[in-house]
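[1] generate a structure from the sequence data that follows.
(one chain, ligands or ions: 1)
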Amino acid sequence: MTSIRVLDGLNTVGGTKIYVEEFGTGVFLDFGMNFELHGRYYDEFLRERVTRGVHDLLKLGLIPEFNIYRKDLIPADVHIHEYQSLPVGAVFITHAHLDHCGYAGLLRGDVPLIASPTTLTIMKTMRDTGKSDITIEALYYKVRSAAGDNPRVLCAPKKAVFTTRAVVPTEPPAPCHKEFWKVLPGGGEMEEFWRLENPLPFEWEAHPVDHSIYGATAYILWTETPIAYTGDMRTQGKNGDLTWAFAKRARSASVLIVEGTRAGDERETVSEREVEERCRAVVEEADGLVIADFGARNFERLETFRDIAARAGRRLVVTEKDIYAMDALGIDLRGVAVYRELRGREDRWVRDVRSRFRHIMVDPLEIRANPSAYVLAFSYYDMKNLLDIDVRGGDYIYSATEPFNEEMYLDIKKLVEWIRLFELRLHGLVVEGGDIKAERGWHASGHISPEDLVRFVEIADPDVIIPVHTKNREWFREMFGERVREGFGA
Ligand SMILES: [Zn+2]
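    Here you go, the predicted structure:
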């Protein structure tokens, strides 16, 4: 008998952790970080202590209280055996946004991770270029142990070798993926950690869908009661057709677990194409520096700006982190340049990037000398670099998500100060008095519109609908009545 429990992410956008069990086998569908709950206690300067393993996360209710976590993350004062143990045969990851994959690395080391080759590649770039942080440890990590004589504090010896988690790509990886997965930044190799055999006693299918990050995948599990899970999806991007193809395939499932980020959102839907046209017009008219600000790892938008820049006779300048990921993903780098940030100590991956992309690195002084030759892919966190480029005037295109919490709003306020300081014309944000709002049309959401969501459900025609990733369950009730549930068979 199949049972489905949504352990987190039922009434929040993100933090999705869905547990499916049947005949003694269990799997997770996503194991993400709940930003809303996380943000209630933490900010940039106060974070979970890595040295306390799962202790802080359990205490704050950020991860479910079960005996399912890595042994080396259990400090002596967490009595993990008092929690119920759950069988976990695998964790299916839909895409590489942290609210879906951020805590997957906490799961027992023998739990294989199933994801698309693109998602695995993006997760590895985050690990390779990130600071030591448990939210990016899913693919490889150093085993921690009690530090000195205090068993409540966990540390990894500096010289320890990396341990890898088994991963199951949803399709055979290309040679470039395999090559990239085994390499450690700065040299060295890991043992091959991917395999293609199904680790589960039932069959499943992976279907690519459209979302604001490449590699997004929906799943169908052929459990006794077949389940379709959308992950995050939309129809208004370049790959919108994939989402509709999945809707048709999902007809063969009885239970549909569906994202509802925009349930009941009555605002008009903006497509990637409309965003492209608007941004293109600005770049074509511009005669000075142009800055394009869009979300991290939104590679579709990045490719759009690369092409807009090229057609306007400019080069898109990306950060060192961006080029590391673009290269790993096999994105066409023609017409792309890399910003040489004035850094002190260089991490290994930075040294790698600087030697491999020596021929396309640009110095801030080169940009100062000829600002109209470039479009800079920068966001708030890169504003410090404007002090080195030091030119006045130009255009700033805000093509990112509207601030939806206090922290983001404060960042936006500071961003506007930078824009004023450098006398840039602002597009995509409206400043009225003390209030700042995103202007519609400069950003396309990563999530399906309510109208298309209704159509999607009509095509998939499930017996049971479990909405997740939503603040508006009421809307689902109104639209789909009695079929809407919070779980199944549990
Ligand atoms: Zn997402």
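
[2] skipping its backbone neighbours, what lies nearest the residue of the stretch 301-450 of the chain found nearest the ion in space?
    Nearest to the ion, among the residues of the stretch 301-450 of the chain, is Gly446, at 5.6 Å (C-beta to the ion). Glycine gets a C-beta too; all of them are placed from N, C-alpha and C. Spatial nearest neighbour of Gly446, chain neighbours left out: Ser212 (3.1 Å); criterion: C-beta to C-beta, 6 or more residues apart in numbering.

[3] next, that neighbour: phi, psi?
    phi -80, psi 10 (degrees, to the nearest 10).

[4] count the neighbours of it for me.
    Using other C-beta atoms under 10 Å, Ser212 has 24 other residues around it.

[5] against Ile419, how distant is it?
    Going from Ser212 to Ile419 by C-beta to C-beta, to the nearest Å gives 24 Å.

[6] OK, contacts around the closest residue to Glu268 other than its chain neighbours?
    Counting by C-beta to C-beta, 6+ apart, Glu268 lies nearest to Arg440, which is 7.1 Å off, once chain neighbours are set aside. For Arg440, the contact set (C-beta atoms under 8 Å, 6 or more residues apart in numbering) comprises Arg267, Glu268, Val270.

[7] CSV for these, including secondary structure, pLDDT and neighbour count?
    What follows is the contacts of Arg440, written out as CSV (DSSP: H, G, I helix; E, B strand; the rest coil; pLDDT from 0 to 100; neighbours: other C-beta atoms under 10 Å):
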residue, secondary structure, pLDDT, neighbour count
Arg267, coil, 91, 10
Glu268, coil, 91, 9
Val270, coil, 95, 17
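
[8] was I right about Leu37 contacting Thr12?
    Yes. Counting by C-beta atoms under 8 Å, Leu37 does reach Thr12; the two are 7.3 Å apart.

[9] hmm, back to that, closest one to the ion out of the contacts of Arg440, please.
    Using C-beta to the ion, the contacts of Arg440 come closest to the ion at Val270, 17.1 Å.

[10] so what's the closest one up against?
    Gln236, Arg440, Gly441, His443, Ala444, Ser445.

[11] equivalent analysis for Lys238, please.
    Applying C-beta under 8 Å, 6+ apart to Lys238 gives the contacts Asp210, Glu272, Glu300.

[12] who wins for neighbours among these?
    In terms of neighbours by other C-beta under 10 Å, these top out with Asp210 at 24 neighbours.

[13] next, the contact list for that one, please.
    By C-beta under 8 Å, 6+ apart, the residues touching Asp210 are Ala216, Met233, Arg234, Thr235, Gln236, Gly237, Lys238, Asn239, Gly240, Asp241, Leu242, Thr243.

[14] can you check Glu224 too?
    Applying C-beta under 8 Å, 6+ apart to Glu224 gives the contacts Met1, Thr2, Glu22, Phe23.

[15] can you say which of the residues you listed are buried?
    Thr2, Glu22 (16 or more other C-beta atoms under 10 Å).

[16] in strands only, show me the contacts of Glu224.
    The strands, defined by DSSP state E, take in Glu22 from those.

[17] out of the contacts of Glu224, the closest to the ion would be?
    Nearest to the ion out of the contacts of Glu224 is Thr2 (C-beta to the ion; 25.7 Å).

[18] now that closest one: how far from Thr170?
    Separation of Thr2 from Thr170 (C-beta to C-beta): 21 Å.

[19] and what of Tyr229?
    13 Å.

[20] on the three-state scheme, Val258 is what?
    Val258 falls in the strand class when you classify it by DSSP: H, G, I helix; E, B strand; the rest coil.

[21] check the spacing between it and Gly32 real quick.
    According to C-beta to C-beta, Val258 stands 16 Å off from Gly32.

[22] okay, now the unreliable bits of the protein?
    Low-confidence segments of the chain (pLDDT under 70): 132.

[23] and the contacts of the longest helix anywhere in the chain?
    Longest among the helix segments of the chain by residue count, using DSSP state H, is helix 406-421. If you take C-beta under 8 Å, 6+ apart as the criterion, helix 406-421 is touched by 39, 43-44, 293, 380, 383, 386, 396, 398, 403, 426, 429, 431, 436.

[24] please pick the buried ones from the residues you listed.
    Neighbour counting with 16+ other C-beta under 10 Å marks Asp293, Tyr380, Met383, Leu386, Tyr396, Tyr398, Pro403, Leu426, Leu429, Ile436 as buried within those.

[25] got the contact list for the third one?
    Counting by C-beta under 8 Å, 6+ apart, Met383 makes contact with Leu415, Trp418.

[26] what about it, which SS state?
    Following three-state DSSP, Met383 is assigned to helix.

[27] now the most centrally placed residue in the chain: closest residue in space, sequence neighbours ignored.
    Closest residue to the average C-alpha location of the chain: His97 at 1.6 Å, with C-alpha atoms, centre = their mean. In this structure, His97 finds its nearest non-sequential neighbour in Ile213, 6.0 Å apart by C-beta to C-beta, 6+ apart.

[28] need the buried ones among the contacts of helix 406-421 in JSON lines with distance to Trp204, can you?
    Shown next, in JSON lines, are those (distance: C-beta to C-beta, whole Å):
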{"residue": "Asp293", "distance to Trp204": "38"}
{"residue": "Tyr380", "distance to Trp204": "40"}
{"residue": "Met383", "distance to Trp204": "44"}
{"residue": "Leu386", "distance to Trp204": "48"}
{"residue": "Tyr396", "distance to Trp204": "45"}
{"residue": "Tyr398", "distance to Trp204": "40"}
{"residue": "Pro403", "distance to Trp204": "37"}
{"residue": "Leu426", "distance to Trp204": "47"}
{"residue": "Leu429", "distance to Trp204": "43"}
{"residue": "Ile436", "distance to Trp204": "45"}
